[in-house]
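K.L.:
sequence first, then the predicted structure:
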Amino acid sequence: MEAQLAVTLNAFNHTATEDLLQKSAHELFEAQVERHPEAPAVSCNGRQFSYRELNERANQLAHYLRKLGVGPETLVSVCLERSLEMVVGLLAVWKAGGAYVPLDPVYPAERLEFMVQDSGARVLLTNQKCQQLLRSCQDKALLLDSDWGVVAEEPSSNPVSLTNGSNLAYVMYTSGSTGKPKGAMILHEGLVNYLLWAADAYRVEPGGTVPVHSSISFDLTVTSLYTPLIAGAQVELLPDGIGGGHLFAALRSVRKHTLIKITPAHLDMLTQLLKPEEFARVTNVFVIGGEALLAENLSAWRKLAPDTRLINEYGPTETVVGCCVYQVHPEDPISGAVPIGRPIANTQLYVLDEKLRPVPTGAIGELYIGGAGVGRGYWNRPELTQEAFLPDPFSDRPDARLYKTGDLARYREDGILEYLGRVDNQVKVHGYRIELGEIEAALTAHPELQSCAVVAHEFAPGDKQLVAYVVARSKERLGTDALREYLEQKLPKYMVPARFMFLDALPLTTNGKVDRKGLPDPTSEEELSSEEFVAPRTPVEEKIAAIWCELLGVQKLGIHDDVFLWGAHSLMAVRAISRIQSALKLTNAQLPLATLLQAPTVAELAAVIEEARQKPALKRSNWIRA
């Protein structure tokens with residue numbers, strides 16, 4: 001045991017670097033303003049701010065926020081779509097000394113209001129459009145469109161910084177097993193440690209461009225948004241849209257990006273849509289995170305873009321985005337799981353047994369994280385904090401703590417970590433971390449349901465979807481559409497099951513617990529809509545239906561069935577449109593991605609295609625909503 005402890009502490013976790021944590025992230029940004037004031041900092045939808053313009057606007061808002069009482073440890077909610085104003089708001093919160101709570105406008109209003117109220121946010125930064133989602137929080141709202149006139153009267157100079165490394169930088173809510181989301185508290189010192197490491201490791205430099213295609217409520221965005229701004233590069237905010245369509249369009253541009261942070265699901269989408277000659281000019285670095293990565297996801301990129309660095313980044317929200325990385329090498333296997341690698345700067349990773357003792361190299365244990373990135377815990381959840389954030393027995397710092405990840409891992413002989421799954425019911429679906437217990441709690445609250453169980457089922461390699469098994473209180477069959485609509489009022493769409501299976505009773509173990517292994521496999525026999533099955537009638541409908549059946553993993557699909565009710569999601573929609581275009585020899589103009597939102601059934605999509613073929617010059621606005 002002593003020998004293993006020495007290996008774990010010294011050889012595998014020798015990550016200490018010089019003290020780089022003297023400045024906060026917004027101060028690192030201000031340093032770039034001094035160096036490159038007129039360089040482009042952020043762009044979105046044809047608009048652009050230079051470093052000077054972005055800094056001055058953020059300063060004005062920061063001065064105003066201080067007048068509203070914002071300072072260290074004060075929380076400010078930010079509910080805005082991706083825009084220049086969103087970046088202004090985030091930086092201004094830090095400059096004022098506060099910490100932000102990111103709110104995704106696509107979330108249900110009930111969830112958004114819960115996070116604002118639970119966090120006790122002093123101010124809500126939003127606009128007239130998003131304000132409508134938060135009617136109970138009107139007294140906190142500062143509208144960055146209609147209220148900007150009064151903000152613009154404030155000084156444009158940098159406020160004196162009030163923050164130190166131990167202050168909160170942001171509180172990001174994640175899915176909670178207790179039925180309510182929980183807010184992970186991230187400190188400035190951990191954030192800065194990660195950003196400085198990432199800017200160096202991913203070679204982000206002035207003049208480069210990094211796209212942002214994900215929500216500020218998804219910690220993947222931290223890498224894409226802030227690393228460029230502390231390094232003098234440009235952030236390219238992509239509009240919100242279905243299935244990463246804007247990301248795909250941006251990556252086909254002539255200019256090669258410096259860095260792209262992406263999930264395996266989005267990478268798979270790009271692999272299917274890009275032409276072979278386009279792979280090599282997409283990006284210098286792909287940082288892939290959010291869920292387990294397979295070597296099969298990377299085969300096309302390793303062959304067609306050998307100079308593109310492919311990096312698997314692992315890290316929970318509670319420890320600042322990424323704490324462990326592995327760069328794929330040419331000699332690595334072409335199949336199987338990609339390792340998660342080694343800890344980043346000032347970070348320690350331990351594989352421990354149930355008594356918090358290091359297990360031998362090669363043995364499986366639970367992964368614990370220590371070092372600069374470990375957050376303070378969960379906002380207003382002392383019992384959850386005590387369970388997950390433990391005193392660090394391997395550190396000389398009396399206040400040092402370990403984060404208990406719930407992930408199974410093992411160290412190889414060469415010190416490389418391998419991820420091996422979970423010890424609980426937490427899952428990753430399309431990059432989102434989901435506590436199945438939160439979905440089950442929402443379903444159980446339905447007055448007509450007796451019990452339920454939710455699992456993540458892999459219908460095809462790389463296509464994991466949520467499936468809900470429900471037992472009704474009466475024999476009368478509940479409508480799937482009604483259940484889905486009920487959940488969409490309570491949960492983000494990525495947490496709403498793609499399929500529902502109705503059972504007479506849930507299978508139980510001898511201990512009376514739900515036997516998840518005994519749940520039946522999802523089949524195509526379940527009734528997913530109230531429409532009576534109607535078979536394809538034309539060659540076009542037959543081709544469309546065949547493509548959807550293969551993607552959905554079902555045997556048959558009626559022409560009036562809504563594919564999104566059968567489990568289709570935005571990334572699958574991108575793949576479907578690409579395959580339909582190829583099969584029917586259509587152009588992007590004839591069949592744009594947004595068509596599926598207006599024509600989600602085989603019959604409707606076939607009608608749109610027939611119309612486009614007859615009138616190829618027809619303006620898109622005539623057959624899809626703007």
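P.N.:
Alright, I've got the coordinates. Residues are numbered from 1 along each chain as shown.
K.L.:
so how far is His266 from the residue nearest the centre of the chain?
P.N.:
Nearest to the mean C-alpha position of the chain, by Cα atoms, centre = their mean, lies Phe218 at 3.9 Å. Using Cβ to Cβ, to the nearest Å, we find Phe218 at a distance of 12 Å from His266. To be clear about C-beta, it is placed using only N, CA and C from the backbone, and glycine gets the same treatment.
K.L.:
shared neighbours, the two?
P.N.:
Gly431 (Cβ atoms under 8 Å, 6 or more residues apart in numbering).
K.L.:
flag every buried residue along the helix or strand harbouring Leu270.
P.N.:
Here Leu270, judged by DSSP states H and E, is contained in helix 264-273. Across helix 264-273, burial judged by 16 or more other Cβ atoms under 10 Å covers Pro264, Ala265, His266, Leu267, Asp268, Met269, Leu270, Thr271, Leu273.
K.L.:
same question for stretch 125-133.
P.N.:
Buried-residue list, stretch 125-133, by 16+ other Cβ under 10 Å: Leu125, Thr126, Asn127, Cys130, Gln131, Leu133.
K.L.:
restricting to C-alpha, output the helix holding Leu270 in CSV.
P.N.:
This file holds the C-alpha atoms of helix 264-273, laid out as CSV (Å, rounded to 0.1, in the frame of the first residue of the first chain):
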residue,chain,number,x,y,z
PRO,A,264,-18.8,13.0,-29.4
ALA,A,265,-22.4,13.2,-30.7
HIS,A,266,-21.7,16.5,-32.5
LEU,A,267,-18.4,15.2,-33.8
ASP,A,268,-20.2,12.1,-35.2
MET,A,269,-22.6,14.5,-37.0
LEU,A,270,-19.8,16.4,-38.6
THR,A,271,-18.1,13.2,-39.7
GLN,A,272,-21.2,12.2,-41.6
LEU,A,273,-21.9,15.6,-43.2
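K.L.:
after it, which helix or strand is next?
P.N.:
Toward the C-terminus, helix 264-273 is succeeded by strand 283-288 as the next helix or strand (DSSP H and E).
K.L.:
centre of the chain to that following strand, how far?
P.N.:
Mean-position distance between strand 283-288 and its chain equals 16 Å (Cα atoms, centre = their mean, to the nearest Å).
K.L.:
kindly report the same for stretch 571-578.
P.N.:
19 Å.
K.L.:
quick one: which of the buried residues of stretch 125-133 sit in strands?
P.N.:
Counting by DSSP state E, the part of the buried residues of stretch 125-133 found in strands is Leu125, Thr126.
K.L.:
gap between the closest residue to Ala388 other than its chain neighbours and Gly365?
P.N.:
In this structure, Ala388 finds its nearest non-sequential neighbour in Lys404, 5.0 Å apart by Cβ to Cβ, 6 or more residues apart in numbering. Distance from Lys404 to Gly365, counting by Cβ to Cβ: 12 Å.
K.L.:
quick one on the thing from earlier: so the residue nearest to Ala388 makes contact with Glu366?
P.N.:
Yes: if you go by Cβ atoms under 8 Å, Lys404 and Glu366 touch, sitting 6.9 Å apart.
K.L.:
now do the buried residues in stretch 60-77.
P.N.:
Residues of stretch 60-77 classed as buried by neighbour count (16+ other Cβ under 10 Å): Gln60, Leu61, Ala62, His63, Tyr64, Leu65, Arg66, Val70, Thr74, Leu75, Val76, Ser77.
K.L.:
where does the stretch 501-626 of the chain have low pLDDT?
P.N.:
By pLDDT under 70, the weakly predicted segments of the stretch 501-626 of the chain are 509-512, 523-532, 588-589, 593-594, 615-626.
K.L.:
hang on, the earlier thing: from the buried residues of helix 264-273, which is closest to Thr361?
P.N.:
Nearest to Thr361 among the buried residues of helix 264-273 is Pro264, at 27.4 Å by Cβ to Cβ.
K.L.:
and the closest one, what does it touch?
P.N.:
Pro264 neighbours (Cβ under 8 Å, 6+ apart): Ile288, Gly290, Glu291, Ala292, Leu293, Leu294, Asn297, Gly431, Gly462.
K.L.:
rewinding a little: need the buried residues of stretch 125-133 in TSV (columns: distance to Tyr494 and pLDDT).
P.N.:
Listed next are these as TSV, based on distance: Cβ to Cβ, whole Å; pLDDT from 0 to 100:
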residue	distance to Tyr494	pLDDT
Leu125	24	97
Thr126	22	95
Asn127	24	94
Cys130	19	91
Gln131	24	87
Leu133	17	86
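K.L.:
any chance of the buried residues of stretch 125-133 in a markdown table, plus distance to Ser50?
P.N.:
Converted to a markdown table, those look like this (distance: Cβ to Cβ, whole Å):
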| residue | distance to Ser50 |
| --- | --- |
| Leu125 | 22 |
| Thr126 | 25 |
| Asn127 | 22 |
| Cys130 | 26 |
| Gln131 | 29 |
| Leu133 | 31 |
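K.L.:
and which of the buried residues of stretch 125-133 is nearest to Gly183?
P.N.:
Among these, and counting by Cβ to Cβ, the member closest to Gly183 is Leu125, at 17.0 Å.
K.L.:
if I've got this straight, Asp396 is in a helix?
P.N.:
No: read with DSSP: H, G, I helix; E, B strand; the rest coil, Asp396 is coil and lies in no helix.
K.L.:
what count of nearby residues applies to it?
P.N.:
Asp396 has 6 neighbours, counted by other Cβ atoms under 10 Å.
K.L.:
if we can go back for a sec, among the buried residues of stretch 125-133, which two are most distant?
P.N.:
Greatest spatial distance among the buried residues of stretch 125-133 (Cβ to Cβ): Leu125 and Leu133, at 13.3 Å.
K.L.:
and the nearest residue to Gly567 once chain neighbours are set aside, how far is that from Glu34?
P.N.:
Nearest non-adjacent residue to Gly567, counting by Cβ to Cβ, 6+ apart: Ala498, 3.5 Å away. Taking Cβ to Cβ as the measure, Ala498 falls 50 Å from Glu34.
K.L.:
for these two, work out which one has more neighbours and name it.
P.N.:
Counted by other Cβ under 10 Å, Ala498 and Glu34 do not tie: Ala498 has more neighbours, with 24 against 11.
K.L.:
for the more buried one, what are phi and psi?
P.N.:
For Ala498, the backbone dihedrals (degrees, to the nearest 10) come out as phi -80, psi -30.
K.L.:
go through stretch 158-168 and flag the buried ones.
P.N.:
So stretch 158-168, judged by 16+ other Cβ under 10 Å, has buried residues Asn158, Pro159, Leu162, Thr163, Gly165, Asn167, Leu168.
K.L.:
so which of these sit within strands?
P.N.:
Per DSSP E, the buried residues of stretch 158-168 map to strands at Leu168.
K.L.:
which of the buried residues of stretch 158-168 sits closest to Ile340?
P.N.:
Comparing the buried residues of stretch 158-168 against Ile340 with Cβ to Cβ places Gly165 closest, at 26.3 Å.
K.L.:
name the nearest residue to that closest one, sequence neighbours excluded.
P.N.:
Glu189 (3.2 Å).
K.L.:
just give me the neighbour total for that neighbour.
P.N.:
22.
K.L.:
just the CA trace of stretch 553-564, in PDB.
P.N.:
Output of stretch 553-564 as PDB, limited to C-alpha atoms (Å, rounded to 0.1, in the frame of the first residue of the first chain):
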ATOM      1  CA  GLY A 553     -34.100   1.600 -34.900                       C
ATOM      2  CA  VAL A 554     -37.700   0.700 -35.600                       C
ATOM      3  CA  GLN A 555     -39.300  -1.800 -38.000                       C
ATOM      4  CA  LYS A 556     -41.900   0.500 -39.400                       C
ATOM      5  CA  LEU A 557     -43.000   4.100 -39.400                       C
ATOM      6  CA  GLY A 558     -46.300   5.500 -40.500                       C
ATOM      7  CA  ILE A 559     -46.400   8.400 -42.800                       C
ATOM      8  CA  HIS A 560     -48.300  10.500 -40.300                       C
ATOM      9  CA  ASP A 561     -46.100   9.700 -37.300                       C
ATOM     10  CA  ASP A 562     -44.100  12.600 -35.900                       C
ATOM     11  CA  VAL A 563     -40.500  11.400 -35.900                       C
ATOM     12  CA  PHE A 564     -39.600  13.500 -32.900                       C
END
